[in-house]
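In: Have a look at this prediction, sequence included:
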Amino acid sequence: MNLTLSEQDLLREKTEYTGVHPQKFALWIAMASMSMFFAALTSALLVKKGDYRSWEGFRLPMVFLFSTVAVIGVSVCIHAALISYRKAKFVQFRWLMFFSFLLGCLFLALQLKGWGVMKQGGMTITENLSGSFIYVITAAHGVHIIAGLVVMLVFIVHAFRNRKDPIYELRDIINPKRQLNLELLVSYWHYVDAVWVYLYVFLYLNYR
Amino acid sequence: METATAHVTHHDHVHGHEEHHHEEETFLTKYVFSQDHKMISKQFVITGIFWGIVGGLLSILFRLQLGWPNETFPFLETFLGKWAEGGKISQEFYYALVTMHGTILVFFVLTGGLSGTFANLLIPYQVGVRDMASPFINMLSYWFFLSAGIVMFFSFFIQTGPASGGWTAYPPINGLRDTAVNLGSGLGFDLWILGMTLFIVSSLLGGLNYIATILNMRTKGMSMFRMPLTIWAILFTAVIGVLSFPALLAGCVLLEFDRLLDTSFYLNNIIINGNLLGYKGGSPILFQHLFWFLGHPEVYIIILPAMGLVSEVLATQSRKPIFGYKAMVFSILAILVLSFIVWAHHMFVTGLNPNLGAVFTFFTLLIAIPSAIKVFNWIGTIWKGKVRLVTPALFAIGFVSMFITGGLTGIILGNSAIDIQLHDTMFVVAHFHIVMGVSAFFGMFAGVYHWFPRLYGRYMNETLGQIHFYITLLGAYAIFFPMHFMTGLPRRYYTYANFETFNNFNFLAEFISIAAIIVFLGQLLFVINFFYSIFKGRKVLAEKTVDGYDYANPWGTTTLEWSAPIERLHGNWPGDIPTVHRWPYDYSVNGREYIPQTEPLKPGEVSHD
Ligand code: HEM
Ligand SMILES: [Cu+2]
C-alpha cells in the first residue's frame, strides 16, 4: 500500500536534529504546558494560603495516599505492557494493559472516596478555600487521567479484538506507527502519574 | 496504515506527475477535514478575516455611542432590536460590544488568525518539511479554533447577550452567575469561558506542533541560524503560548468554579441588592495575576509573528540582507524571557506593594531595549536599500512607524508612578491599540499581501492594496493619536455626560468616530481584494518548468517557499526536499540580486552563519 509523502516523512524514526521522534517531542512540549497549568493552580493555592485570615487548615485525608499507590501501580503496569509488546508477548501485553486500566479506574474511585471523606468531615467544596482548592486540583488532574483512560481503552479494545488472529498481531509489532502511539501513551501516563505524586506531596505538605 | 513496512523508509520521494495525489481527495478531505498545512492556513486566514469584520463592526457600533452620545440611529433598532431601543445602544449592550470587540480581536484575529495562518503556511515551506509533525493535531487545532468561534458567536443570540465584563474578564463582576450584576454575567459569560477554553486548547495544539516541527524536522542544512526570522518569531511565539496560556486556563477554571459551584476563589463579602452573599476569603487580585501572567505574554504572542513577517518582507522587498540577524534572534529571545516577568505592570493600582511595583517597572522598561534593537535593525535594513514600494513593503514600513509610536507610550506607562495617573484612561487605549492592535494588523497585512501568491497562486490587486494602505495608515493615526490627549478620560464609559470637565473632548470623540468608520470601510477594500483575487487575481506565471511542474519566484526570495511548484501539492515538493546551503538573507551579494538558500556555496565563499 502506498503511503502519502507526509506519512513517509513521519515514519522517519529519528531526526538528525534532536534524535527524538517529532511527535514524542510534541508530547514533551505538551507536558511542559500541562505543568504550567498545575503550577498555576498550586501557586494560586500558596498565595491564598498566605492570606491567613481566611485559611482553615485541616489534614489531608489518608485516602489520597492510597490513590498515590494506585497511580504508581498504573505506571509500573503500563510500562511492563510496553516491554511485553516490544518482545511480542501479546497475551501478557493484553492483560497488563487491562490491569493498568483497572488501576486507573481504581485511582479515580479513590479520588472520589477522598472527596467523600472531606465532605463527611464538613469540608464541602464551598466551606472554605482550603477545601475548594483540593477539589479543583484533584478534578483538574482527574480530567487528565480520564483522557488517558479513554485512549488506553482504545488500545485494549484493539488488542483484544485481534487476539484470535496471530498474523494480525505479528503485523502489529512491525508497524512502527502503532508502536510509536503506544510509546506516546505510556509516556503520557508516566507524566500524569508523576504529576499526581507531585500534587500529593504538595498537598500533604500544605495540609498537615 | 496497518501495512506499513520497512520499504517506506528508503522510498522517500515519488516521481512523475500522476502520483502526486496519493490519497483520494474528496471535497470533505480537501476543504473541510484537511490535514494539509496549506489548506489549514487558508482556513485560518478566512476565519480570521470573518472575525476581523465582526470585531471591527462591533467597534463601529460603540463608536457611534461615544461619538454622538445624544443622537439616535433608528437603523440600529432595526438590526439590533432590544439592544438598541429607540435607535440608541443600551448600556448593557455597549459593554457587551466593548468586551467582545476586545476578545475577538485579541484572541480570534491577532492570535488565532495571525499565528494560525502564517505558522501553518510558512513553517513547512520555509524549513523544508512536507507537513507538520502531526498533521492530525494540526487539523484539530483548527477545529478547536472554529468551534471556539462558533460558541462565542452563538453568545450574541441568547436572551441575556454575550459577556460584557471586559475582555480581561475580571471578577467579581464576572464571578457571579447573576444577571442582576450584569446581563452578560449570565449564560453569556459561561459561553465566553467555554469559547476561551476551546481557544486555548486550539492554540496549545497548534503551538506544540509548530515547536516540534521547527526543532525536529528541518531539511538538511537548515541549521537554526539559517532559519528565516519568520520561523524564529513563530517558534518563540509558540513557546510563549505553550507556557502562558495554561495560566489563563487555570484562572478560568477557578472562575467557573466560583460561578457554578459557589466557591470563593475570587469573591469576598459580596453585597447584592442589600443582601450579603456567603462568599468569603477570595480575592479578585488572584485572578488578575493569573490573567496577566498570560495577558502580558499574550501581547507578544500577537506582535512577534508580525515582527517576523515584517523582517522577512523588509529584507526581501528592499533587496538587502536583514540588518543584524543574530541581534534580531536574541532580541526576540530577550523579549520572550522578559515577557514572563512584567505582568504586574497591569496591576500598579491594585494595591500592589510599591517596592514590588518598582521591580516590575524595572523589568518593564528593560523590554524597551530589545524592542529598540529591532526597530533599529529594521530601519538599518531598508536604509539605502532599493525598496520596492509594493503593498507588502508599505505595510511593513507602516508597522515600524506604528510600533515606534506605541512603544514610546509604553515606556511612559511602564513607570508605576506615572501609570497610577494614566491607568484605565484613553492614554492606555491609545498605547495598546497603536503598539499591538494596529501594528499587528500591519504586520499581518504585509504578510497576506506578500504571501498571497504562495497561498493562491495569484496576486492581490496592487492599486487597491495601496489605497488600502494609505487609508489604514492615516486613519489609524487619526483614530488613536488624539486619544493620547484626552487627558484623564476614563476608558470603557458609556457616557461622559455627567462630567463637565470632559465636555471639551466631544469634538475629538466625534472626529475619532468618523475616522473609525472610514477606516472600517477601507478594510472592506482589503476583503474585496482578497476574495476577488482568489478567483480572478493576476496569475503567478511560470518562470520555468521541470518534470511537468511550473516554478516561479515572484518576489525573488531566497527562502525555500518558492522552491516548491506554484500549484498546491500535498507534500509540497514533488521530488526530494531541497537541501539548504546558506543563510536566508543573501540579497545583493556577490553582484547578484539574490541567491536562493538552495544554491551551494561557491569555492572560497564563506557561509554567513
Ligand atoms: C516598550 C514596551 C512596552 C511597555 C513598557 C509597555 C507598558 C505597558 C503598561 C505599563 C501597560 C499598563 C497600562 C495600564 O493599564 O495602566 C500597558 C498596557 C498594555 N500594553 Fe503595553 N507596553 C509595551 C509594549 C507593548 C506591546 C509591544 C504590546 C502589544 C503588542 C502592548 C500591549 C498592551 C496592552 C494590550 C495593554 C492594555 C491591556 C488592557 O488593559 O486592556 N504593549 N503597556
Ligand atoms: Cu503588559
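Out: Right, received. Where do you want to start? Ligands and ions are numbered 1, 2, ... in the order given.
In: Name the spans of chain A whose pLDDT lies under the cut-off.
Out: A:1-16, A:52, A:174 (pLDDT under 70).
In: What is the burial count for residue 102?
Out: Just so you know, I chose chain A. 14 (other C-beta atoms under 10 Å in any protein chain shown). Bear in mind the C-beta positions are built from the backbone N, C-alpha and C, glycine included.
In: that answer is for a different chain, and I need it for chain B
Out: Other residues near residue B:102 come to 20 when the count uses other C-beta under 10 Å.
In: next one: phi and psi at residue B:600?
Out: With angles defined as degrees, to the nearest 10, residue B:600 sits at phi -60, psi 150.
In: Nearest residue to it in space, ignoring adjacent ones along the chain?
Out: Spatially, and ignoring its direct neighbours in sequence, residue B:600 is nearest to residue B:581 (4.7 Å; C-beta to C-beta, 6 or more residues apart in numbering or on different chains).
In: Residue B:596 is in contact with the one you found, correct?
Out: No - taking contacts as C-beta atoms under 8 Å, residue B:581 lies outside contact range of residue B:596: 9.0 Å.
In: Give me the contact list for stretch B:146-156.
Out: Residues from elsewhere that reach stretch B:146-156 (C-beta atoms under 8 Å, 6 or more residues apart in numbering or on different chains): B:43, B:47, B:50-51, B:54, B:100, B:103-104, B:108, B:112, B:161-163, B:187-188, B:191-192, B:194-199, B:202.
In: In that stretch, which residues are buried?
Out: Using 16 or more other C-beta atoms under 10 Å in any protein chain shown as the test for burial, stretch B:146-156 gives B:146-149, B:151-153, B:155-156.
In: Centroid-wise, who is the farthest residue in chain A?
Out: residue A:53 (35.8 Å; C-alpha atoms, centre = their mean).
In: With adjacent residues omitted, what lies nearest to the residue of the stretch 101-250 of chain B found nearest ligand 1?
Out: For the stretch 101-250 of chain B, the residue closest to ligand 1 is residue B:168, as judged by C-beta to the nearest ligand atom, at 5.8 Å. Leaving out its chain neighbours, the residue that sits closest to residue B:168 by C-beta to C-beta, 6+ apart is residue B:291, at 5.9 Å.
In: Am I right that that neighbour is in a helix?
Out: Yes - with DSSP: H, G, I helix; E, B strand; the rest coil as the criterion, residue B:291 is located in a helix.
In: Out of the contacts of stretch B:146-156, which sit inside strands?
Out: Within the contacts of stretch B:146-156, no residue falls in strands by DSSP state E.
In: Tell me which of those residues fall in helices.
Out: Among the contacts of stretch B:146-156, the members found in helices (DSSP state H) are B:43, B:47, B:50-51, B:54, B:100, B:103, B:187-188, B:191-192, B:194-199, B:202.
In: quick one on the thing from earlier: put together TSV for the buried residues of stretch B:146-156, with secondary structure and pLDDT on each row.
Out: Shown next, in TSV, are these (DSSP: H, G, I helix; E, B strand; the rest coil; pLDDT from 0 to 100):
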residue	secondary structure	pLDDT
B:146	helix	97
B:147	helix	97
B:148	helix	97
B:149	helix	96
B:151	helix	97
B:152	helix	96
B:153	helix	95
B:155	helix	95
B:156	helix	94
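In: ok, so what distance separates residue B:458 from chain A?
Out: Noted for residue B:458: a distance of 25 Å to chain A, by C-beta to the nearest C-beta, to the nearest Å.
In: so that residue makes contact with residue B:538?
Out: Yes - with contact defined as C-beta under 8 Å, residue B:458 counts as touching residue B:538 (6.2 Å).
In: Between these two, tell me which one has more neighbours.
Out: Neighbour totals were compared for residue B:458 and residue B:538, and residue B:458 leads with 18 against 12 (other C-beta under 10 Å).
In: Bridge partners for that one, pull those for me.
Out: residue B:539 (DSSP bridges).
In: For it, list the residues it contacts.
Out: By C-beta under 8 Å, 6+ apart, the residues touching residue B:458 are B:452, B:533-534, B:536-540.
In: same thing but at 10 Å, please
Out: Contacts for residue B:458 (C-beta atoms under 10 Å, 6 or more residues apart in numbering or on different chains) come out as B:452, B:532-540, B:566.
In: For the residue in the stretch 301-450 of chain B positioned nearest to ligand 1, which three-state class applies?
Out: Closest residue of the stretch 301-450 of chain B to ligand 1, C-beta to the nearest ligand atom: residue B:410 (2.6 Å). Assigned by three-state DSSP, the conformation of residue B:410 is helix.
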